[in-house]
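1. I'll drop the sequence and a predicted model, then ask my questions.
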Amino acid sequence: MLNISPAVFNSSLPVPLIKEIRIIPVEQKQEQIKQLNIVVDVVVSTKKPNYNNAFNLNVSAVMSPRDEKYVNRPEVLAKYAKSSSSIIKNIKIDNLAKNVSTQYFNKDVDSALYSKVISVPLTLQTISNIRHLSILCFTNSISNRQDSNTPFNLAAQAVSTGRPILEKVIQQGSVSRQSAVFKMTDTVAGYGKEGDVWVGPVHLHPRNGLMAEAQHVDRPHPGLSMVMLPNQKIK
């Protein structure tokens, strides 16, 4: 078993990881809007066995390389969390503690995770062939409703988001057959040991190269090495 950095799961919010992306064939006719149906299986995990707080799971299709550059920004994630469309799905989860499975992510530390798989369908419609597609996934906090008869309104709430996950599906018109895996090049307190796998966001530092976290931070955080492996997630 590869050890995953424990820092990824040291979060007050449940942590999403993309397990599988299934592309569903759709019969296409000439001179019509092109459609692509996909189902994203997301493993949502927490270290708390009795987690019962409501939270939001966002799964979105990002179809522009330019838009993808900004998805690590909190204000951009907040917009996704308050939007809804065929390619942006926000799902309220308030029963994570029910029917979970137990997994372990690191043999060197107490690493029990309580997980549930959430399947999220997305429908993409375009005039031309899809040139770029990535799947964005994150969780964010929501307030519990006092009145269960009142429709839940995410748009009216402040948003606190967890670390975003981004999985590349189509690049330059072709399905991504390789996936990047990042390993820590340093042992850093709170993050883990050299060689641990980092599954959170990554940034490029001008001097230090690839590093963990979406943006450079003042506290010590590890450098990363990248290995390209066959992509087993896209079916």
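-> That came through, no problem.
2. Write down the beta-bridge partners of L113, one by one.
-> Note on L113: beta-bridge partners by DSSP bridges are Q103.
3. Against Y104, how distant is it?
-> Relative to Y104, L113 is positioned 7 Å away (CB to CB, to the nearest Å). C-beta: built from backbone N, CA, C; applies to glycine.
4. And these two? Which one has more around it.
-> Set side by side, L113 and Y104 show more neighbours around L113, with 23 against 13, by other CB atoms under 10 Å.
5. I'd say the more buried one and P49 touch.
-> No: using CB atoms under 8 Å, L113 is not in contact with P49; the gap is 9.8 Å.
6. ranges for the strands of the chain?
-> 15-24, 34-46, 55-62, 88-93, 101-104, 112-126, 132-141, 165-171, 174-175, 178-184, 197-198, 202-205, 209-212, 224-230 (DSSP state E).
7. Not counting the fifth one itself, show me its contacts.
-> Contacts of strand 101-104 from elsewhere in the structure, counted by CB atoms under 8 Å, 6 or more residues apart in numbering, are 1, 45, 111-116.
8. would you list the residues you listed in a markdown table and tack on distance to K89 and pLDDT?
-> Formatted as a markdown table, these follow (distance: CB to CB, whole Å; pLDDT from 0 to 100):
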| residue | distance to K89 | pLDDT |
| --- | --- | --- |
| M1 | 31 | 68 |
| S45 | 19 | 97 |
| S111 | 29 | 90 |
| A112 | 29 | 95 |
| L113 | 23 | 95 |
| Y114 | 23 | 96 |
| S115 | 19 | 96 |
| K116 | 16 | 96 |
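9. From those, keep the buried residues only.
-> Among these, those buried by neighbour count (16 or more other CB atoms under 10 Å) are 45, 111, 113-116.
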